[in-house]
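J.: Provided below for reference: sequence and predicted model.
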Amino acid sequence: MRKVFLFISVIVLCLNANAQINETSNDLALIEKTINLYIEGQATGDSTMVGSSFHNTWQLKYFADNEINVVTKSKYITGFKKHDRPKNWSARTVFVDITNNVAIAKVEISTATLLFVDYFHFMKTNQGWLIVDKISARTPHKVVEPAAPKAKS
């Protein structure tokens, strides 16, 4: 009887662990979908796409001029104008970390002159996974000039 009980307990634990893995995989796919909506909107200047990835309470926070600056969702999305995707523009998700119904992601967007590093905070809502806050930093790309050839003596 003990062996049967032990066997059933192991089966239940395995099923529970498998269900948690499947749920996490599904959540990761949904978060990546939200990130890709944001990235595509950024790349093409589509305020509707970008705005739909944000919760209504979304805020951008960044450090400039020796202070923390805060931009609301409504102010942020008014600055978009539709355009073709620039040739020298790329983006990638560096990592996603999920705990229950909250997550964080690091995304890098590279333009011709700047590298933007964005940290997104997500919450799982009735509308799905939405970005509730973004903390951002930007860094100029390092430009290295090739050494001039030495003149022959």
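T.: Happy to help now that I have it. Numbers count the residues shown, from 1 in each chain.
J.: whichever strand or helix holds Ser136 - what's its average pLDDT?
T.: Ser136 belongs to strand 128-140 when assigned by DSSP states H and E. For strand 128-140, mean pLDDT rounds to 96.
J.: which outside residues touch it?
T.: 27, 30-31, 33-34, 38, 53-55, 57-63, 103, 113-123 (CB atoms under 8 Å, 6 or more residues apart in numbering). The C-beta positions use only the backbone N, C-alpha and C, and glycine is treated the same way.
J.: cutoff 7 Å now
T.: For strand 128-140, the external contacting residues (CB atoms under 7 Å, 6 or more residues apart in numbering) are 27, 30-31, 34, 38, 53-55, 57-62, 103, 113-123.
J.: filter the residues you listed to the buried ones?
T.: Listed as buried from the contacts of strand 128-140 are 27, 30-31, 34, 38, 53-55, 58-60, 62, 103, 116, 118, 120-122; burial here means 16 or more other CB atoms under 10 Å.
J.: below-threshold pLDDT in this protein: ranges please.
T.: The model of the chain has pLDDT under 70 over residues 1-23, 143-145, 148, 151, 153.
J.: can you show me the strands along it?
T.: Here the chain has its strands, by DSSP state E, at 54-64, 67-72, 90-99, 102-110, 114-125, 128-140.
J.: quick check: which of these is nearest to Thr44?
T.: Nearest of these to Thr44, taken as CB to CB: strand 90-99 at 11.8 Å.
J.: just checking, what packs against that closest one?
T.: Applying 3 or more CB pairs under 7 Å, 6 or more residues apart in numbering; DSSP states H and E, we find strand 90-99 packed against helix 2-44, strand 102-110.
J.: in its sheet, what does that strand sit against?
T.: Strand pairing for strand 90-99, using DSSP bridges, gives strand 102-110 (antiparallel).
J.: buried residues in the strand it pairs with, which are they?
T.: Counting neighbours by 16+ other CB under 10 Å, strand 102-110 gives 103-105, 107, 109 as buried.
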